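Engineer: Below is the sequence, then the predicted model.
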Amino acid sequence: MSTGVVIVAAGSGKRMGGHRNKLWLPLAGEPILAHTVRLFASHQDIDQIVLVVSEPDYADVLALLKAENLPVTVALGGNERQDSVRNGLAALATSCTYVLVHDAARPFVTKQQISDMIRQVQRDQATIMAVPVKDTIKVVGASGFVEDTPARESLWAVQTPQAFRMSLLQEAHEAAKKAGKLGTDDAMLVEWLGHPVSVMQGSYENIKITTPDDLWLGEEIMRKRRGE
Ligand SMILES: Nc1ccn([C@@H]2O[C@H](COP(=O)(O)OP(=O)(O)OP(=O)(O)O)[C@@H](O)[C@H]2O)c(=O)n1
Ligand SMILES: C[C@](O)(CO)[C@H](O)COP(=O)(O)O
């Protein structure tokens, strides 16, 4: 049974505030992107990696992959994350039965979590990593007033990787495109098909590096993992 991963890296990192894609920013002295790709490239259960990048990053990504001798297929991204995932799926070998979708901006997922996710998707066909929210979450209306307070016990903050039977995710992406629907994660598209999605407990360290604060938190996580 073959498993591929689509790593999406074609964003622009607007919330980081820099002039270049945040994935080139250093984490423990090396680009965030390099950490994420290396992790999957060295995972024994991953058979193919598709890295989705934007046009301005294309040449530098090829140079990075060559310098590190990383066996990765490169695809071009689109305007929205969903477009980038769809392009990545198109570049994945048809022999892949299962596919993981992962944000390049989440370099802290562990090999054990990836293995656990692959096991769970073989059972459930659609599985996401998530953590219970720690804060009370409010629904706030356009007026700036609270409209609702959902019960915290049922609220989870969703991460990547998310794993799917390849044919199911392809069907979900095709259906969403046809209907002109845009999801903020891949599971939403599968949910729209009416297919159940199981949840695997993730970790609070699996942050998405999004704003400048996440950079120092990321450095702390690296230091902790190095035992410093
Ligand atoms: N059109 C897009 C948008 C996002 N991504 C990727 O999706 C992941 C999660 O997105 P996010 O953290 O929001 O990254 P950006 O879109 O780059 O950030 P921002 O929204 O601040 O611009 C990132 O690895 C990003 O590179 C992508 O491949 N293609
Ligand atoms: C897929 C995701 O990482 C799950 O938390 C998230 O939805 C990506 O969203 P973004 O808008 O691209 O940050």
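Structural biologist: That came through, no problem. Ligands and ions are numbered 1, 2, ... in the order given.
Engineer: Tell me which residues of the longest strand along the chain come out buried.
Structural biologist: In the chain, taking DSSP state E as the definition, the longest strand is strand 156-165. By 16 or more other C-beta atoms under 10 Å, the buried positions in strand 156-165 come out as Val158, Gln159, Thr160, Pro161, Gln162, Ala163, Phe164, Arg165. All C-beta spots, glycine's among them, are computed from the backbone N, C-alpha and C.
Engineer: Among those, which pair sits farthest apart?
Structural biologist: Pairwise distances among these were taken by C-beta to C-beta; the largest, 19.8 Å, belongs to Gln159 and Arg165.
Engineer: where do the strands sit along this protein?
Structural biologist: With DSSP E as the criterion, the chain has strands at 2-8, 26-27, 30-31, 48-53, 73-76, 96-103, 126-132, 139-140, 146-148, 156-165, 198-201.
Engineer: Nearest to Gly17, out of these?
Structural biologist: Nearest of those (C-beta to C-beta): strand 26-27, 15.9 Å.
Engineer: ok, now how distant is the residue of the chain found nearest ligand 1 from ligand 2?
Structural biologist: Nearest residue of the chain to ligand 1 (C-beta to the nearest ligand atom) works out as Gly11 at 2.1 Å. Counting by C-beta to the nearest ligand atom, to the nearest Å, the separation of Gly11 from ligand 2 is 7 Å.
Engineer: can you check Thr136 too?
Structural biologist: 19 Å.
Engineer: what about that residue, neighbour count?
Structural biologist: The number of residues packed around Thr136, counting by other C-beta atoms under 10 Å, is 10.
Engineer: where's it relative to Leu155, distance?
Structural biologist: Going from Thr136 to Leu155 by C-beta to C-beta, to the nearest Å gives 9 Å.
Engineer: now do Lys224
Structural biologist: Here the criterion is C-beta to C-beta. By it, Lys224 lies 27 Å from Leu155.
Engineer: Tell me where this structure has helices.
Structural biologist: For the chain, the helices defined by DSSP state H occupy 32-41, 58-68, 81-91, 111-124, 166-179, 186-192, 212-225.
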